[in-house]
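>>> Sequence plus the predicted model coming up.
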Amino acid sequence: MKDKKWIVLGLVVFFGLLLFPLAWNMLVKAAPAPEVVLTKKAKAAKQCVMPKEYMTSEHMQLLDLWRHSVVRNAKREYVNPEGKKFDMSLSNTCLDCHSNKEQFCDRCHNYASVRPYCWDCHIDNPKGEE
Amino acid sequence: MKSSRRRFMKLAGAAALGLGAQPVIKAVAPASEESPQPVIRKGSNALPAEQWAMVIDTRRFHSAKDLEPLIEACHKIHNVPHLTNKNHEIKWIWETHYHNAFPGNPNPYQSEEVEHRPFMVLCNHCENPPCVRACPTKATFKRESDGIVLMDFHRCIGCRFCMAACPYGSRSFNFRDPRPFIEETNPKFPTRMKGVVEKCNFCAERLAVGQKPACVEASNGAIVFGDLKDPHSEVRELLRENFTIRRKQNLGTEPSVYYIV
(Lines give C-alpha, C1' and ligand atoms only; values in the text may rest on other atoms or scores of the structure.)
Protein backbone atom coordinates (compact mmCIF):
# COMPACT_ATOMS: atom_id res chain seq x y z
CA MET A 1 0.00 0.00 0.00
CA LYS A 2 2.90 2.37 -0.45
CA ASP A 3 1.27 3.87 -3.62
CA LYS A 4 -1.72 5.07 -1.64
CA LYS A 5 -1.03 8.77 -2.07
CA TRP A 6 -0.68 8.39 -5.84
CA ILE A 7 -3.92 6.48 -6.08
CA VAL A 8 -5.75 9.11 -4.06
CA LEU A 9 -4.21 11.89 -6.09
CA GLY A 10 -5.22 10.14 -9.29
CA LEU A 11 -8.79 9.73 -8.08
CA VAL A 12 -8.97 13.39 -7.09
CA VAL A 13 -7.74 14.49 -10.50
CA PHE A 14 -10.09 12.05 -12.25
CA PHE A 15 -13.21 13.13 -10.37
CA GLY A 16 -12.14 16.75 -10.59
CA LEU A 17 -12.10 16.53 -14.36
CA LEU A 18 -15.27 14.47 -14.44
CA LEU A 19 -17.27 16.91 -12.37
CA PHE A 20 -15.69 20.05 -13.74
CA PRO A 21 -18.45 20.73 -16.32
CA LEU A 22 -21.13 20.49 -13.65
CA ALA A 23 -19.24 22.82 -11.35
CA TRP A 24 -18.59 25.19 -14.23
CA ASN A 25 -22.25 25.34 -15.10
CA MET A 26 -23.13 26.12 -11.52
CA LEU A 27 -20.60 28.91 -11.25
CA VAL A 28 -21.00 30.52 -14.65
CA LYS A 29 -24.29 31.84 -15.88
CA ALA A 30 -25.39 30.60 -19.29
CA ALA A 31 -25.54 33.16 -22.05
CA PRO A 32 -29.10 34.48 -22.32
CA ALA A 33 -31.22 33.07 -25.13
CA PRO A 34 -31.25 35.43 -28.07
CA GLU A 35 -34.25 37.49 -29.01
CA VAL A 36 -35.46 36.88 -32.51
CA VAL A 37 -36.62 39.83 -34.56
CA LEU A 38 -39.85 39.65 -36.51
CA THR A 39 -40.26 41.52 -39.75
CA LYS A 40 -43.20 43.89 -40.18
CA LYS A 41 -44.90 41.32 -42.35
CA ALA A 42 -44.47 38.59 -39.76
CA LYS A 43 -45.79 40.89 -37.02
CA ALA A 44 -48.80 41.85 -39.08
CA ALA A 45 -49.68 38.20 -39.61
CA LYS A 46 -50.06 37.81 -35.80
CA GLN A 47 -49.69 34.03 -35.95
CA CYS A 48 -47.37 31.79 -37.90
CA VAL A 49 -48.59 28.59 -39.51
CA MET A 50 -49.07 27.13 -36.04
CA PRO A 51 -48.97 28.78 -32.58
CA LYS A 52 -45.69 30.37 -31.54
CA GLU A 53 -44.78 27.79 -28.89
CA TYR A 54 -45.28 24.99 -31.36
CA MET A 55 -43.23 26.75 -34.02
CA THR A 56 -40.39 27.45 -31.59
CA SER A 57 -40.01 23.89 -30.51
CA GLU A 58 -41.28 21.92 -33.50
CA HIS A 59 -40.52 23.93 -36.63
CA MET A 60 -37.96 21.38 -37.76
CA GLN A 61 -40.50 18.56 -37.56
CA LEU A 62 -43.03 20.71 -39.40
CA LEU A 63 -40.53 21.47 -42.16
CA ASP A 64 -39.61 17.82 -42.41
CA LEU A 65 -43.26 16.90 -42.76
CA TRP A 66 -43.74 19.59 -45.39
CA ARG A 67 -40.76 18.43 -47.37
CA HIS A 68 -41.91 14.85 -47.34
CA SER A 69 -45.45 15.72 -48.24
CA VAL A 70 -44.51 18.08 -51.08
CA VAL A 71 -41.76 16.04 -52.67
CA ARG A 72 -43.04 12.53 -52.14
CA ASN A 73 -46.81 12.86 -52.06
CA ALA A 74 -47.35 15.95 -54.23
CA LYS A 75 -49.52 17.48 -51.51
CA ARG A 76 -48.62 21.11 -51.19
CA GLU A 77 -51.48 22.72 -49.34
CA TYR A 78 -51.47 23.01 -45.57
CA VAL A 79 -54.63 24.02 -43.74
CA ASN A 80 -53.93 24.92 -40.14
CA PRO A 81 -56.43 24.31 -37.33
CA GLU A 82 -57.78 27.84 -37.78
CA GLY A 83 -58.64 26.94 -41.37
CA LYS A 84 -56.02 29.16 -43.00
CA LYS A 85 -54.39 27.80 -46.15
CA PHE A 86 -50.64 27.81 -46.75
CA ASP A 87 -48.47 26.77 -49.65
CA MET A 88 -46.04 24.32 -48.10
CA SER A 89 -42.83 25.95 -49.21
CA LEU A 90 -39.80 27.05 -47.24
CA SER A 91 -38.67 29.40 -50.00
CA ASN A 92 -42.03 30.94 -50.79
CA THR A 93 -43.99 30.81 -47.55
CA CYS A 94 -41.65 30.73 -44.55
CA LEU A 95 -38.93 32.93 -45.95
CA ASP A 96 -41.46 35.31 -47.45
CA CYS A 97 -42.43 36.55 -43.97
CA HIS A 98 -39.16 35.72 -42.27
CA SER A 99 -37.02 37.49 -44.80
CA ASN A 100 -34.50 38.48 -42.14
CA LYS A 101 -32.45 35.33 -41.87
CA GLU A 102 -29.62 36.90 -39.85
CA GLN A 103 -31.93 38.24 -37.18
CA PHE A 104 -34.44 35.43 -37.17
CA CYS A 105 -33.06 32.04 -38.12
CA ASP A 106 -29.37 32.52 -37.47
CA ARG A 107 -29.66 33.98 -33.99
CA CYS A 108 -31.14 30.86 -32.45
CA HIS A 109 -29.26 28.46 -34.66
CA ASN A 110 -25.94 30.03 -33.70
CA TYR A 111 -26.91 30.04 -30.04
CA ALA A 112 -27.88 26.37 -30.14
CA SER A 113 -24.90 25.61 -32.37
CA VAL A 114 -26.96 23.91 -35.04
CA ARG A 115 -26.06 24.33 -38.67
CA PRO A 116 -29.04 23.41 -40.84
CA TYR A 117 -28.19 23.20 -44.53
CA CYS A 118 -31.45 24.77 -45.73
CA TRP A 119 -29.73 27.73 -47.35
CA ASP A 120 -27.27 25.71 -49.33
CA CYS A 121 -30.14 25.41 -51.80
CA HIS A 122 -33.07 27.54 -50.67
CA ILE A 123 -32.60 31.20 -51.34
CA ASP A 124 -33.24 33.38 -48.31
CA ASN A 125 -35.28 36.53 -48.62
CA PRO A 126 -36.83 35.56 -51.98
CA LYS A 127 -38.45 38.92 -52.58
CA GLY A 128 -35.40 40.93 -51.62
CA GLU A 129 -37.13 42.87 -48.84
CA GLU A 130 -35.13 45.06 -46.47
CA MET B 1 -47.35 -22.49 -12.34
CA LYS B 2 -49.27 -25.34 -13.88
CA SER B 3 -51.49 -24.36 -16.72
CA SER B 4 -54.93 -25.77 -16.62
CA ARG B 5 -58.13 -25.51 -18.56
CA ARG B 6 -59.61 -23.51 -15.70
CA ARG B 7 -56.77 -20.98 -15.71
CA PHE B 8 -56.96 -20.56 -19.47
CA MET B 9 -60.69 -19.84 -19.32
CA LYS B 10 -60.10 -17.21 -16.64
CA LEU B 11 -57.47 -15.44 -18.72
CA ALA B 12 -59.59 -15.54 -21.86
CA GLY B 13 -62.51 -14.06 -19.95
CA ALA B 14 -60.40 -11.23 -18.57
CA ALA B 15 -59.04 -10.46 -22.05
CA ALA B 16 -62.53 -10.37 -23.55
CA LEU B 17 -63.66 -8.01 -20.80
CA GLY B 18 -60.69 -5.72 -21.49
CA LEU B 19 -61.50 -5.55 -25.20
CA GLY B 20 -65.16 -4.89 -24.46
CA ALA B 21 -64.21 -2.05 -22.12
CA GLN B 22 -62.17 -0.19 -24.76
CA PRO B 23 -65.02 1.84 -26.32
CA VAL B 24 -66.28 2.76 -22.84
CA ILE B 25 -62.84 4.05 -21.83
CA LYS B 26 -62.58 6.00 -25.07
CA ALA B 27 -65.93 7.64 -24.48
CA VAL B 28 -65.08 8.60 -20.91
CA ALA B 29 -61.50 9.75 -21.56
CA PRO B 30 -61.04 13.52 -22.02
CA ALA B 31 -61.66 14.53 -25.62
CA SER B 32 -58.17 15.94 -26.14
CA GLU B 33 -57.92 14.35 -29.58
CA GLU B 34 -60.94 16.30 -30.74
CA SER B 35 -59.09 19.61 -31.19
CA PRO B 36 -58.80 20.46 -34.89
CA GLN B 37 -55.77 19.04 -36.61
CA PRO B 38 -53.95 20.58 -39.57
CA VAL B 39 -54.93 19.15 -42.95
CA ILE B 40 -52.46 18.38 -45.73
CA ARG B 41 -53.89 18.15 -49.21
CA LYS B 42 -53.38 18.78 -52.89
CA GLY B 43 -53.93 22.32 -54.06
CA SER B 44 -57.22 22.83 -55.86
CA ASN B 45 -55.45 23.90 -59.08
CA ALA B 46 -53.13 20.90 -59.25
CA LEU B 47 -53.29 19.04 -62.54
CA PRO B 48 -54.11 15.37 -62.01
CA ALA B 49 -52.66 12.45 -63.97
CA GLU B 50 -51.76 8.84 -63.50
CA GLN B 51 -48.66 9.01 -65.68
CA TRP B 52 -47.54 12.27 -67.20
CA ALA B 53 -46.21 11.95 -70.72
CA MET B 54 -44.85 14.23 -73.40
CA VAL B 55 -45.19 14.07 -77.17
CA ILE B 56 -42.62 16.08 -79.09
CA ASP B 57 -43.44 16.90 -82.69
CA THR B 58 -39.96 16.95 -84.17
CA ARG B 59 -41.36 18.11 -87.53
CA ARG B 60 -41.85 21.53 -86.01
CA PHE B 61 -38.19 22.03 -85.13
CA HIS B 62 -35.75 22.73 -87.93
CA SER B 63 -32.56 23.91 -86.32
CA ALA B 64 -30.97 24.00 -82.90
CA LYS B 65 -32.06 27.65 -82.71
CA ASP B 66 -35.70 26.56 -82.50
CA LEU B 67 -34.98 24.63 -79.30
CA GLU B 68 -33.03 27.38 -77.60
CA PRO B 69 -36.01 29.25 -76.13
CA LEU B 70 -37.35 26.00 -74.64
CA ILE B 71 -34.05 25.13 -73.01
CA GLU B 72 -33.66 28.69 -71.85
CA ALA B 73 -37.14 28.74 -70.28
CA CYS B 74 -36.46 25.52 -68.37
CA HIS B 75 -32.99 26.36 -67.20
CA LYS B 76 -33.98 29.83 -66.12
CA ILE B 77 -36.86 28.92 -63.84
CA HIS B 78 -35.02 25.96 -62.33
CA ASN B 79 -31.78 27.80 -61.59
CA VAL B 80 -29.75 25.47 -63.77
CA PRO B 81 -26.17 26.76 -63.80
CA HIS B 82 -24.35 27.42 -67.01
CA LEU B 83 -20.94 25.77 -66.79
CA THR B 84 -18.82 25.94 -69.89
CA ASN B 85 -16.52 23.09 -68.92
CA LYS B 86 -18.08 20.02 -70.58
CA ASN B 87 -17.09 17.81 -67.66
CA HIS B 88 -19.02 19.96 -65.21
CA GLU B 89 -21.97 20.76 -67.43
CA ILE B 90 -25.46 20.66 -65.90
CA LYS B 91 -28.42 20.16 -68.20
CA TRP B 92 -32.08 19.39 -67.79
CA ILE B 93 -33.03 19.70 -71.46
CA TRP B 94 -30.61 19.74 -74.33
CA GLU B 95 -30.42 19.37 -78.06
CA THR B 96 -28.82 16.35 -79.64
CA HIS B 97 -28.30 14.70 -82.99
CA TYR B 98 -30.62 11.98 -84.29
CA HIS B 99 -27.90 9.33 -84.04
CA ASN B 100 -27.26 10.16 -80.39
CA ALA B 101 -30.90 10.32 -79.47
CA PHE B 102 -31.80 7.09 -81.24
CA PRO B 103 -28.64 4.99 -81.48
CA GLY B 104 -28.65 1.51 -82.90
CA ASN B 105 -28.53 0.26 -86.44
CA PRO B 106 -30.13 2.93 -88.55
CA ASN B 107 -31.46 2.04 -91.95
CA PRO B 108 -29.32 3.19 -94.83
CA TYR B 109 -30.53 5.93 -97.18
CA GLN B 110 -32.79 7.47 -94.49
CA SER B 111 -34.47 10.80 -94.92
CA GLU B 112 -31.75 13.35 -94.50
CA GLU B 113 -34.22 15.92 -93.36
CA VAL B 114 -35.17 13.77 -90.36
CA GLU B 115 -31.58 12.92 -89.58
CA HIS B 116 -30.63 16.56 -89.41
CA ARG B 117 -33.50 17.70 -87.27
CA PRO B 118 -32.58 18.86 -83.76
CA PHE B 119 -33.88 16.43 -81.16
CA MET B 120 -34.81 17.78 -77.78
CA VAL B 121 -33.93 15.29 -75.08
CA LEU B 122 -34.65 15.28 -71.39
CA CYS B 123 -35.40 12.85 -68.59
CA ASN B 124 -37.85 10.31 -69.97
CA HIS B 125 -39.68 9.77 -66.68
CA CYS B 126 -39.67 6.08 -67.46
CA GLU B 127 -42.44 3.82 -66.29
CA ASN B 128 -39.72 1.38 -65.27
CA PRO B 129 -36.89 3.71 -64.24
CA PRO B 130 -33.48 2.08 -63.76
CA CYS B 131 -32.17 5.09 -61.85
CA VAL B 132 -34.72 4.51 -59.10
CA ARG B 133 -33.55 0.95 -58.64
CA ALA B 134 -29.93 2.09 -58.45
CA CYS B 135 -30.44 4.80 -55.83
CA PRO B 136 -29.26 3.52 -52.44
CA THR B 137 -31.02 6.23 -50.44
CA LYS B 138 -34.31 6.46 -52.31
CA ALA B 139 -33.44 10.06 -53.08
CA THR B 140 -34.79 9.45 -56.54
CA PHE B 141 -38.12 7.73 -56.78
CA LYS B 142 -41.09 7.25 -59.03
CA ARG B 143 -43.93 9.26 -57.62
CA GLU B 144 -47.01 7.11 -57.20
CA SER B 145 -49.46 9.93 -57.67
CA ASP B 146 -48.41 11.09 -61.14
CA GLY B 147 -45.59 8.86 -62.37
CA ILE B 148 -42.91 11.56 -62.32
CA VAL B 149 -39.41 10.31 -61.61
CA LEU B 150 -38.45 12.87 -59.04
CA MET B 151 -35.50 13.67 -56.84
CA ASP B 152 -35.37 14.57 -53.21
CA PHE B 153 -32.20 16.62 -53.21
CA HIS B 154 -32.09 16.56 -49.44
CA ARG B 155 -31.45 12.85 -49.54
CA CYS B 156 -29.01 12.64 -52.43
CA ILE B 157 -25.57 11.57 -51.23
CA GLY B 158 -23.95 12.12 -54.61
CA CYS B 159 -22.94 8.51 -55.26
CA ARG B 160 -23.91 8.88 -58.94
CA PHE B 161 -25.21 5.33 -59.26
CA CYS B 162 -28.29 6.81 -60.93
CA MET B 163 -26.12 8.48 -63.54
CA ALA B 164 -24.52 5.15 -64.34
CA ALA B 165 -27.93 3.48 -64.45
CA CYS B 166 -29.68 6.03 -66.69
CA PRO B 167 -29.30 4.95 -70.32
CA TYR B 168 -30.19 8.44 -71.56
CA GLY B 169 -27.58 10.55 -69.80
CA SER B 170 -30.38 12.63 -68.34
CA ARG B 171 -28.63 13.27 -65.08
CA SER B 172 -25.93 15.77 -64.23
CA PHE B 173 -23.71 15.97 -61.20
CA ASN B 174 -22.79 19.14 -59.40
CA PHE B 175 -19.04 18.86 -59.26
CA ARG B 176 -18.88 22.49 -58.17
CA ASP B 177 -21.07 24.82 -56.18
CA PRO B 178 -23.59 25.83 -58.86
CA ARG B 179 -24.57 29.18 -57.38
CA PRO B 180 -21.86 31.36 -58.95
CA PHE B 181 -22.77 30.00 -62.37
CA ILE B 182 -26.45 30.85 -62.31
CA GLU B 183 -26.88 33.90 -64.47
CA GLU B 184 -30.25 35.01 -63.17
CA THR B 185 -31.48 33.36 -60.02
CA ASN B 186 -35.15 32.55 -59.65
CA PRO B 187 -35.65 33.02 -55.91
CA LYS B 188 -38.86 31.01 -55.92
CA PHE B 189 -37.05 27.80 -56.81
CA PRO B 190 -34.14 26.39 -54.81
CA THR B 191 -30.73 25.97 -56.34
CA ARG B 192 -28.75 22.80 -55.80
CA MET B 193 -25.56 22.37 -53.83
CA LYS B 194 -22.22 20.83 -54.63
CA GLY B 195 -22.33 17.05 -54.53
CA VAL B 196 -25.87 16.27 -55.66
CA VAL B 197 -27.23 14.93 -58.90
CA GLU B 198 -29.98 16.78 -60.71
CA LYS B 199 -32.26 16.35 -63.68
CA CYS B 200 -35.57 17.42 -65.23
CA ASN B 201 -38.50 17.21 -62.82
CA PHE B 202 -41.28 17.49 -65.45
CA CYS B 203 -42.00 20.82 -63.76
CA ALA B 204 -43.65 19.16 -60.78
CA GLU B 205 -43.81 22.55 -59.06
CA ARG B 206 -45.74 24.04 -61.99
CA LEU B 207 -48.12 21.12 -62.34
CA ALA B 208 -49.00 21.60 -58.68
CA VAL B 209 -50.36 25.06 -59.42
CA GLY B 210 -52.10 24.16 -62.65
CA GLN B 211 -49.44 25.16 -65.16
CA LYS B 212 -47.98 23.03 -67.93
CA PRO B 213 -44.19 22.51 -67.96
CA ALA B 214 -42.12 25.49 -69.02
CA CYS B 215 -40.78 23.87 -72.20
CA VAL B 216 -44.29 22.90 -73.27
CA GLU B 217 -45.44 26.46 -72.74
CA ALA B 218 -42.51 27.84 -74.73
CA SER B 219 -42.95 25.40 -77.61
CA ASN B 220 -46.02 27.01 -79.21
CA GLY B 221 -47.82 23.70 -79.37
CA ALA B 222 -44.97 21.62 -80.76
CA ILE B 223 -44.84 19.72 -77.50
CA VAL B 224 -47.96 18.27 -75.96
CA PHE B 225 -48.17 17.19 -72.36
CA GLY B 226 -50.83 15.06 -70.74
CA ASP B 227 -51.92 11.91 -69.02
CA LEU B 228 -50.79 8.77 -70.80
CA LYS B 229 -53.31 6.62 -68.98
CA ASP B 230 -56.30 8.74 -69.94
CA PRO B 231 -57.57 7.46 -73.33
CA HIS B 232 -59.15 10.83 -74.09
CA SER B 233 -56.12 12.97 -73.36
CA GLU B 234 -54.48 15.07 -76.02
CA VAL B 235 -51.35 12.98 -75.72
CA ARG B 236 -53.19 9.76 -76.46
CA GLU B 237 -54.94 11.36 -79.41
CA LEU B 238 -51.58 12.35 -80.91
CA LEU B 239 -50.18 8.88 -80.29
CA ARG B 240 -53.16 7.36 -82.07
CA GLU B 241 -52.86 9.59 -85.07
CA ASN B 242 -49.09 9.78 -85.55
CA PHE B 243 -46.24 7.33 -85.76
CA THR B 244 -44.02 7.92 -82.76
CA ILE B 245 -40.72 6.58 -81.52
CA ARG B 246 -39.14 6.50 -78.09
CA ARG B 247 -35.51 6.49 -77.06
CA LYS B 248 -33.84 3.09 -76.56
CA GLN B 249 -37.20 1.44 -76.19
CA ASN B 250 -35.64 -2.03 -76.43
CA LEU B 251 -34.14 -1.57 -72.95
CA GLY B 252 -37.56 -1.91 -71.42
CA THR B 253 -37.53 1.29 -69.42
CA GLU B 254 -40.80 2.45 -71.00
CA PRO B 255 -39.97 6.12 -71.54
CA SER B 256 -42.81 8.61 -71.26
CA VAL B 257 -41.40 10.99 -73.85
CA TYR B 258 -42.57 10.25 -77.38
CA TYR B 259 -41.23 11.70 -80.61
CA ILE B 260 -43.29 12.21 -83.75
CA VAL B 261 -40.88 11.85 -86.67
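Thanks, I have it.
>>> For the residue lying closest to A:Cys48 once chain neighbours are set aside, pull up the helix or strand it's in.
Nearest residue to A:Cys48 in three dimensions, chain neighbours excluded: A:Met55, at 4.8 Å (CB to CB, 6 or more residues apart in numbering or on different chains). Any C-beta I mention is one placed from the backbone N, CA and C, and that applies to glycine too. Assigned by DSSP states H and E, A:Met55 belongs to helix A:52-73.
>>> Spell out, range by range, the helices that occur in chain B.
Secondary structure of chain B (DSSP state H): helices located at B:5-28, B:64-77, B:98-101, B:112-115, B:130-134, B:161-165, B:204-207, B:214-218, B:234-241.
>>> Next, the buried residues of the helix holding A:Met55.
In terms of neighbour count (16 or more other CB atoms under 10 Å in any protein chain shown), helix A:52-73 has its buried residues at A:59, A:62, A:66-67, A:69-71.
>>> Return only those of those found close to chain B.
By CB under 8 Å from any CB of the partner chain, the members of those lying near chain B are A:67, A:69, A:71.
>>> hey, where'd the helices end up in chain A?
Using DSSP H, helices in chain A cover A:4-27, A:40-44, A:52-73, A:95-97, A:105-112, A:118-121.
>>> Format these as JSON lines; extra columns: mean pLDDT.
Below are the helices of chain A laid out as JSON lines (pLDDT from 0 to 100):
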{"stretch": "helix A:4-27", "mean pLDDT": "93"}
{"stretch": "helix A:40-44", "mean pLDDT": "90"}
{"stretch": "helix A:52-73", "mean pLDDT": "94"}
{"stretch": "helix A:95-97", "mean pLDDT": "90"}
{"stretch": "helix A:105-112", "mean pLDDT": "92"}
{"stretch": "helix A:118-121", "mean pLDDT": "92"}
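>>> quick one: which of the ones you listed is nearest B:Ala165?
helix A:52-73 (20.4 Å; CB to CB).
>>> How about the residues of the stretch 51-200 of chain B by chain A?
B:141, B:143, B:145-146, B:150, B:152-154, B:185, B:187-193.
>>> Report the two of those residues separated the most.
B:Ser145 and B:Thr185, at 29.2 Å, using CB to CB across those.
>>> does A:Asp124 really touch A:Lys101, like I thought?
Yes. Assessed by CB atoms under 8 Å, A:Asp124 is found in contact with A:Lys101 at 4.3 Å.
>>> tell me, what's touching those two both at once?
Contact criterion CB atoms under 8 Å, 6 or more residues apart in numbering or on different chains; residues shared by A:Asp124 and A:Lys101: A:Leu95.
>>> you'd agree B:Pro118 is up against B:Leu67?
Yes. Applying CB under 8 Å, one finds B:Pro118 in contact with B:Leu67, separated by 5.3 Å.
>>> mind checking how far stretch A:102-112 is from the chain centre?
Centroid separation between stretch A:102-112 and its chain, computed with CA atoms, centre = their mean, to the nearest Å, is 7 Å.
>>> same deal with stretch B:206-214?
On CA atoms, centre = their mean, the centre of stretch B:206-214 falls 13 Å from the chain's centre.
>>> Can you give me the domain assignment for chain A?
A:1-30, A:40-121 (automatic domain parsing).
>>> export those to JSON lines and tack on distance to B:Val39?
Below are the domains of chain A laid out as JSON lines (distance: least, CB to CB, whole Å):
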{"stretch": "domain A:1-30", "distance to B:Val39": "40"}
{"stretch": "domain A:40-121", "distance to B:Val39": "4"}
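>>> Pick the most buried one from the ones you listed.
Greatest average neighbour count among the domains of chain A goes to domain A:40-121 (a mean of 15), per mean count of other CB atoms under 10 Å in any protein chain shown.
>>> Without its sequence neighbours, what residue ends up closest to B:Val235?
Nearest residue to B:Val235 in three dimensions, chain neighbours excluded: B:Gly226, at 3.7 Å (CB to CB, 6+ apart).
>>> cool, and B:Cys131?
B:Cys162 (3.8 Å).
>>> quick one on the thing from earlier: report the two of the buried residues of helix A:52-73 separated the most.
Spatially, the most separated pair among those is A:His59 and A:Val71, at 18.0 Å (CB to CB).
>>> how about low-confidence regions in the stretch 1-150 of chain B?
B:1-2, B:26-34 (pLDDT under 70).
>>> near chain B, which residues of chain A show up?
Close to chain B, as judged by CB under 8 Å from any CB, chain A has residues A:50, A:65, A:67, A:69, A:71-82, A:87-88, A:91-92, A:117, A:120-123, A:125-128.
>>> Could you check the pLDDT of the residue nearest to B:Val235?
Per-residue confidence (pLDDT) for B:Gly226: 96.
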